[in-house]
Each structure stands twice: as C-alpha cells, then as structure tokens.
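structure of the sequence below:
(one chain, ligands or ions: 2)
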Amino acid sequence: MIPSIDRVTTMFTATQLQERIAALGAQISRDYAGKDLTLVGILKGSVPFLADLMKHLTVPTQIDFLEISSYGGGMSSTGMVRLVKDLSHPISGKDVLIVEDIVDTGLTLRYLLEMFASREPASLGIAALLDKPGGRVEGADVRIDYLGFSIPNEFVVGFGLDLAGYFRNLPYVGVYDPPSDESATPEASNVPA
Ligand code: IMP
Ligand code: MG
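Ligands and ions are numbered 1, 2, ... in the order given. Got it, this is the predicted structure:
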C-alpha cells in the first residue's frame, strides 16, 4: 500500500534544511582544508543530503557510494546489516567522511566503521543529517562529527528518509503518523536502509 502524504507533519522545512546544510558545508570546508576528501554516501537515504552538502564544499572532493540493507523490519534497525553494494574505489590514504541520513541505534555506523578501519583511510569522519540519540544501543555509541539536527524518537520521512521506500523525494523532513489500523511497525521488512 502506498502511504499517504496526509499523515506527514513537517518537522524541518526545506529552508531550514538548506540553511543547516550550508553551515555544515562551510565547517567541513574549513576542517578539510589541504586534505583529500572523499564523501561516502550510504544509499539510498543519504542522496539528497550528500547532493546538497557537496555543493557547499570548497575543498577538492570526490564521492563514492555504498548500499546497506537492514533486515527485520520495524521502526529501527535490528543490527543485522548486510552490504548490498561496496564502494567503487579504494579509500586507502583518503580522508573519508561517511554521509548518513539518520543515526538511530548506531549499529549501521558501527558496522561501517569496523569495515572501513581495515582499509586504512587517512581519516574517517561521520556526517549525519539527523540523530536520534534516544535510539542508541549499548556498544554503538558512535561519534557524529557533523550533525544537522538532533531529534526525538519519532519516525521521520522525507529528504531521503523513507517509509517502505516512499517519501524519499520530499524536500522537507516530517513525522509520519501511522493510521490506527496499521501495525506499530510500518516500515516494510527487507527494504534497503
Ligand atoms: P541504525 O543502524 O539504527 O542507526 O539505522 C540507521 C538507519 O535506519 C538509517 O540509515 C535509516 O535508513 C533507518 N532509520 C532510522 N530511523 C529512521 C526514521 O525515523 N525514518 C526512516 N528511516 C530511519
Ligand atoms: Mg540509511
């Protein structure tokens, strides 16, 4: 079933997102001056954030992508993370900044940090548009170097974030309020994160 846009209430407008992303871009440009930056976007949710962020970078920048799938369904990750698509290029010696849409349990990022550590990048940082610090599980207390906004434990969609694959195209971020007849876990299982 296609979820209804009528159930989405705006949390951050397109203007608010763009202002924050511009500020993050300026900060990253300062911090990475003289470095060899590679943005690594986590498909598919990071696409709008990465596309807008990179336009504000004034340092030499390359981009690459990988795709992750979290299984089990529900409103948050089960920690069963599967690599669907790896990077196209080696990151050895590169200053890598992982770009994520949202951090919840922290398990996806923990998996990626462990995977990347053995590839010997010059540095490894994390940029996330949103953070739900209340969702963090023990042992996955990842450090976010560049954060857009911290939010409460609500299920949000838009600007890359999806419900069963829908709503990624919205230019804003909103809270999705499931209809009462829908299960408490509207996120379809086996949908790529
Ligand atoms: P983590 O491993 O729990 O930190 O999972 C992060 C991933 O879960 C994100 O990349 C999203 O794909 C998904 N996710 C977590 N919270 C939300 C949400 O509120 N809306 C949509 N996707 C979410
Ligand atoms: Mg994701």
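
against which helices or strands is the helix ranked longest in the chain packed?
When the chain is parsed with DSSP state H, its longest helix is helix 14-31. Applying 3 or more C-beta pairs under 8 Å, 6 or more residues apart in numbering; DSSP states H and E, one finds that helix 14-31 makes contact with helix 47-54, strand 123-131, strand 146-150. Using the backbone N, CA and C atoms, a C-beta is placed for each residue, glycine as well.

could you export those as TSV, including distance to ligand 1, mean pLDDT and mean neighbour count?
What follows is those, written out as TSV (distance: least, C-beta to the nearest ligand atom, whole Å; pLDDT from 0 to 100; neighbours: other C-beta atoms under 10 Å):
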stretch	distance to ligand 1	mean pLDDT	mean neighbour count
helix 47-54	11	98	20
strand 123-131	8	98	22
strand 146-150	12	98	17
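
look up how far D177 lies from E114.
Distance, E114 to D177, by C-beta to C-beta, to the nearest Å: 36 Å.

between the two, which one's more packed in?
The residue with more neighbours, out of E114 and D177 and counting by other C-beta atoms under 10 Å, is D177; that gives 15 against 9.

ok, and what's touching stretch 21-34?
Here stretch 21-34 makes contact (C-beta atoms under 8 Å, 6 or more residues apart in numbering) with 37, 49, 52-59, 95, 97, 127, 129, 146, 148.

cool, and stretch 159-179?
By C-beta under 8 Å, 6+ apart, stretch 159-179 touches 2-3, 5, 7-14, 17, 44-49, 101-102, 129-130, 154-158, 184, 186-188, 191.

buried subset of those, written for PyMOL?
Those of the contacts of stretch 159-179 that count as buried under 16 or more other C-beta atoms under 10 Å are selected in PyMOL with:
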select buried, resi 3+7+8+11+12+17+44+45+46+47+48+49+101+102+129+130+155+156+157+158+186+187+191
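
restrict the contacts of stretch 159-179 to those near ligand 2?
Near ligand 2, judged by C-beta under 5 Å from the ion, the entries from the contacts of stretch 159-179 are G45, D101.

for the chain, where's the lowest mean pLDDT among helices and strands?
Taking mean pLDDT, DSSP states H and E as the measure, the chain has strand 81-85 as its least confident helix or strand, at a mean of 92.

can you pull the buried residues of it?
In strand 81-85, counting by 16+ other C-beta under 10 Å, buried: V81.

for it, name the packing helices and strands.
Strand 81-85 packs on strand 61-70, helix 107-117, going by 3+ C-beta pairs under 8 Å, 6+ apart.

what's the angle from the first one to helix 14-31?
Meaning strand 61-70. 120 degrees (axes from the mean of the first three to the mean of the last three C-alpha atoms, to 10 degrees).
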